[in-house]
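Got a sequence here, can you build the structure:
(2 chains)
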There are 2 protein chains.
Amino acid sequence: MKCTRCGVLAQTDLPWRNAAFCPDCYFEFFSRQVRKAIKDRRMFGPDDRILVALSGGKDSLSLMCELKRLGYDVTGLHLDLGIGESSVQSRAAVAGFCEAHGLPWRVVELASDGLAIPAVKKAVKRRPVCSACGKIKRYWLNRYAFERGFDVLATGHNLDDEAARLLANSLRWDQAYLAAQGPEMEGGDHFVRKVKPLYRLTEQETACYAFLRGVECVTAPCPYSGKASFTVYKRLLYDLEYARPGAKFQFYEAFLKRGRPAFQAARPDPGDLRCADCGAPTREIDNIPEAERGRDPLCGVCRLRRMAAAGE
Amino acid sequence: MKCTRCGVLAQTDLPWRNAAFCPDCYFEFFSRQVRKAIKDRRMFGPDDRILVALSGGKDSLSLMCELKRLGYDVTGLHLDLGIGESSVQSRAAVAGFCEAHGLPWRVVELASDGLAIPAVKKAVKRRPVCSACGKIKRYWLNRYAFERGFDVLATGHNLDDEAARLLANSLRWDQAYLAAQGPEMEGGDHFVRKVKPLYRLTEQETACYAFLRGVECVTAPCPYSGKASFTVYKRLLYDLEYARPGAKFQFYEAFLKRGRPAFQAARPDPGDLRCADCGAPTREIDNIPEAERGRDPLCGVCRLRRMAAAGE
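This is a model prediction of the structure:
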């Protein structure tokens, strides 16, 4: 097979894009998709200070790599979840990558804020810890970026992540989540702007980029993920994509054009509640449980921190 | 296995409902779902004159059968599509069923309105005729019910039909279709109220009812359906249901509660255009093609009729 752009031997085949590329042209293709995402969704400009969330996986490291190549002002942030050997390896992958490429990076150890994931897992008992972990990660990424004055927080979510999350939100018709999902989310009071520059690229395409660039990343799944529900949605979308090549991207793009606006228009006023512990406003804060109404409200993360402390 | 209600030997197993029934209790279960649909969605009352769309398949005949048993004032309407032997058999199934049960029924031959489906198929050329056929059926069912003063039009759509259509509309984020989909649709100028009393029951459950009641129905698919796209969505929902029993129904119910209202609020004013041929208002009328703007608009069906006439 020949490269669609330059005619030399291709090493990557992307049937749903009717294209095949040699490594150099693949990098150009990948870069063009990232540039288009940044431009179309007005994610950030050359003067913005960008905090890039680095888990140590292929998506986040590829994102950091590409944004640096495009000349943006990037700083990495790794959240050390404190999950034994898994976290040690993730942190080592981030350190290795950033040091090899001379990229600035920071680390926040969740344990230092009483939120090591094993303690949280104990506190949430039989429920899977994934949603609590996601909440804590979003909280700390936002908090770090906001407190240090970064202009924008970039995460490595790819098209498969985004489409699977959209499918999950759609199957539940979760109005608040549907109003808030997208490759760019405005900042505001206590919230930094958030962007997903890889949203036009599939998981396979990001994996291919990481491989061709020789990015050394962690590949083992989280030891707590178990049968994560996301895989059900990813599999359904895989089947849909197989039957209708391009359907996954169309689903997501059509949502941004015609779905999200309807839910944003219907979104209720978030009010002006603030967390009694950390002072964050109610946006992204859990619904307040019956038992706590009338009392000073806590945000979801501060509640988890108290639960984890009580369980020790 | 024993009947969940009465303890005798069960003949039907409904795992996602955690139930199994003997025939008598199955009829009671089925009837209760239909009664709940009619009551919850305020479909119609005992004094309403109901026109029931009868294709000759299991769903429509089961619906007619159950509504009659519940004591409602029902009249059947069969649309003869004029598709050779297939249509002959469908009409015979409707005639046989209605005559065996002493039920009133009427027939409209689409050929008499210049809309025999084979002629329409020729006119739409390479495109599948299914969407044109669906449009014509909706048009004639509504027109007949409206002109003869029926209070409501009932169709045999089951949960699988509705959920698959919802999934298709959601994947495209088609605002107008999402605003208009549901088990009840208000009537208005030129439009009769439309209801789907079987929307709480799956395809399998309706098939089981038809079998146990000895309803003789047509089972052959339409010779024109080919690889209908609906089957892709039905298969995806089948896989989802397998992974998460009950997910299909939850998807549909959550849409009615939280999805549809957002799209109804965002729906643009339909305006007051009317079809130059039949006088129907613009609701459910096709978008007007560029070439016809400024001229008297035609509704989708009247345009198909002209195309079919031109092709003869």
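
near chain B, which residues of the stretch 151-300 of chain A?
Residues of the stretch 151-300 of chain A found near chain B (CB under 8 Å from any CB of the partner chain) are A:170-175, A:232, A:235-236, A:239-240, A:243-244, A:247, A:250-251, A:254-255, A:257-259, A:261-263, A:265-266. From N, CA and C alone the C-beta is placed, and that goes for glycine too.

Looking at the stretch 51-200 of chain A, what residue ends up closest to chain B?
For the stretch 51-200 of chain A, the residue closest to chain B is A:Trp173, as judged by CB to the nearest CB, at 3.9 Å.

does that residue really touch B:Glu253, like I thought?
No - with contact defined as CB atoms under 8 Å, A:Trp173 does not reach B:Glu253; the gap is 9.1 Å.

Settle it for me: which of these two has more neighbours?
A:Trp173 (24 against 15; other CB atoms under 10 Å in any protein chain shown).

Look up the pLDDT of that one for me, please.
Per-residue pLDDT puts A:Trp173 at 95.

now swap in A:Cys299 and tell me
Per-residue confidence (pLDDT) for A:Cys299: 85.

ok, now the one 4 residues further on?
The pLDDT attached to A:Arg303 in the predicted structure is 88.

from the chain's centre, how far out does the helix or strand where it lies sit?
Applying DSSP states H and E as the criterion places A:Arg303 in helix A:300-311. Its chain's average C-alpha position is 23 Å from that of helix A:300-311, according to CA atoms, centre = their mean, to the nearest Å.

Now that helix: buried residues?
By 16 or more other CB atoms under 10 Å in any protein chain shown, the buried positions in helix A:300-311 come out as A:Gly300, A:Val301, A:Cys302, A:Arg303, A:Leu304, A:Arg305, A:Met307, A:Ala308.

quick one: which of these is nearest chain B?
Nearest to chain B among the buried residues of helix A:300-311, with distances taken as CB to the nearest CB, is A:Gly300, at 20.9 Å.

Chain neighbours aside, what residue packs nearest to A:Ser60?
Leaving aside its sequence neighbours, A:Ser60 sits nearest to A:Gly156 (CB to CB, 6 or more residues apart in numbering or on different chains; 3.8 Å).

do you know how far that neighbour is from A:Arg244?
Applying CB to CB, to the nearest Å, the value for A:Gly156 to A:Arg244 is 26 Å.

neighbour-wise, which of the two wins?
A:Gly156 (23 against 15).

how much space between the more buried one and A:Leu61?
8 Å.

where does the stretch 51-200 of chain A dip in pLDDT?
Within the stretch 51-200 of chain A, no range satisfies pLDDT under 70.

Which residue ranges of it form helices?
Ranges of helices within the stretch 51-200 of chain A are A:58-69, A:84-100, A:117-124, A:130-147, A:159-172, A:175-180, based on DSSP state H, counting those that start in this stretch.

For the nearest residue to A:Gly187 once chain neighbours are set aside, give me its contacts.
Nearest residue to A:Gly187, sequence neighbours excluded (CB to CB, 6+ apart): A:Arg193, at 3.8 Å. Residues in contact with A:Arg193, defined by CB atoms under 8 Å, 6 or more residues apart in numbering or on different chains, are A:Phe44, A:Asp151, A:Val152, A:Leu153, A:Glu184, A:Met185, A:Glu186, A:Gly187.

and the angle for the helix holding A:Arg303 with helix A:117-124?
Using axes from the mean of the first three to the mean of the last three CA atoms, to 10 degrees, the inter-axis angle of helix A:300-311 relative to helix A:117-124 is 80 degrees.

Output helix A:300-311 as PDB, nothing but the C-alphas.
Extracted in PDB, the C-alpha atoms of helix A:300-311 (Å, rounded to 0.1, in the frame of the first residue of the first chain):
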ATOM      1  CA  GLY A 300     -18.300  16.000  46.100                       C
ATOM      2  CA  VAL A 301     -14.500  15.900  46.600                       C
ATOM      3  CA  CYS A 302     -14.500  17.400  50.000                       C
ATOM      4  CA  ARG A 303     -17.200  14.900  51.000                       C
ATOM      5  CA  LEU A 304     -15.000  12.000  49.700                       C
ATOM      6  CA  ARG A 305     -12.000  13.400  51.700                       C
ATOM      7  CA  ARG A 306     -14.000  13.400  54.900                       C
ATOM      8  CA  MET A 307     -15.300   9.900  54.200                       C
ATOM      9  CA  ALA A 308     -11.700   8.700  53.600                       C
ATOM     10  CA  ALA A 309     -10.500  10.300  56.800                       C
ATOM     11  CA  ALA A 310     -13.300   8.700  58.800                       C
ATOM     12  CA  GLY A 311     -12.500   5.300  57.400                       C
END
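
And the contacts of it?
Counting by CB under 8 Å, 6+ apart, A:113-116, A:119-120, A:122-124, A:132, A:135-136, A:139, A:275-278, A:284-286, A:298 sit against helix A:300-311.

ok, back up a step: how far away is the residue nearest to A:Gly187 from A:Thr202?
25 Å.

and if you look at A:Leu273?
Noted for A:Leu273: a distance of 39 Å to A:Thr202, by CB to CB.

and the end-to-end length of stretch A:113-120?
End-to-end distance for stretch A:113-120: 12 Å, by CA to CA, to the nearest Å.

and that stretch, which residues are buried?
For stretch A:113-120, the buried set under the neighbour-count rule, 16+ other CB under 10 Å, comprises A:Leu115, A:Ala116, A:Ile117, A:Pro118, A:Ala119, A:Val120.

if we can go back for a sec, looking at A:Leu273 and A:Thr202, which has the bigger crowd around it?
Applying other CB under 10 Å to A:Leu273 and A:Thr202 shows that A:Thr202 carries more neighbours, namely 20 against 15.

That one contacts A:Asn158, doesn't it?
Yes - with contact defined as CB under 8 Å, A:Thr202 counts as touching A:Asn158 (6.2 Å).

Looking at neighbours, which among the contacts of A:Arg193 is most surrounded?
A:Leu153 leads those on contacts (other CB under 10 Å) with 24 neighbours.

which residues touch that residue?
By CB under 8 Å, 6+ apart, the contact set of A:Leu153 is A:Ile50, A:Leu51, A:Ala53, A:Leu141, A:Asn142, A:Ala145, A:Val192, A:Arg193, A:Lys194, A:Val195.

for A:Val215, same thing?
A:Lys58, A:Leu61, A:Ser62, A:Cys65, A:Phe97, A:Tyr209.

returning to that earlier point: I'd like to know which of the helices of the stretch 51-200 of chain A is closest to B:Cys22.
helix A:159-172 (33.9 Å; CB to CB).

just checking, what packs against the closest one?
helix A:175-180, helix A:203-212, helix A:230-243, helix A:247-254, helix B:247-254 (3 or more CB pairs under 8 Å, 6 or more residues apart in numbering or on different chains; DSSP states H and E).

Now the longest one - C-alpha only, CSV.
Looking back up the chat, that one is helix A:230-243. Coordinates of each C-alpha in helix A:230-243 appear next as CSV, following Å, rounded to 0.1, in the frame of the first residue of the first chain:
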residue,chain,number,x,y,z
PHE,A,230,-17.1,2.5,29.4
THR,A,231,-15.9,-0.6,27.5
VAL,A,232,-19.6,-1.6,26.8
TYR,A,233,-20.1,1.8,25.1
LYS,A,234,-16.8,1.6,23.3
ARG,A,235,-17.7,-1.8,22.0
LEU,A,236,-21.1,-0.6,20.8
LEU,A,237,-19.5,2.3,19.0
TYR,A,238,-17.0,0.0,17.5
ASP,A,239,-19.8,-2.2,16.1
LEU,A,240,-21.6,0.9,14.8
GLU,A,241,-18.4,2.2,13.2
TYR,A,242,-17.9,-1.2,11.5
ALA,A,243,-21.4,-1.0,10.0
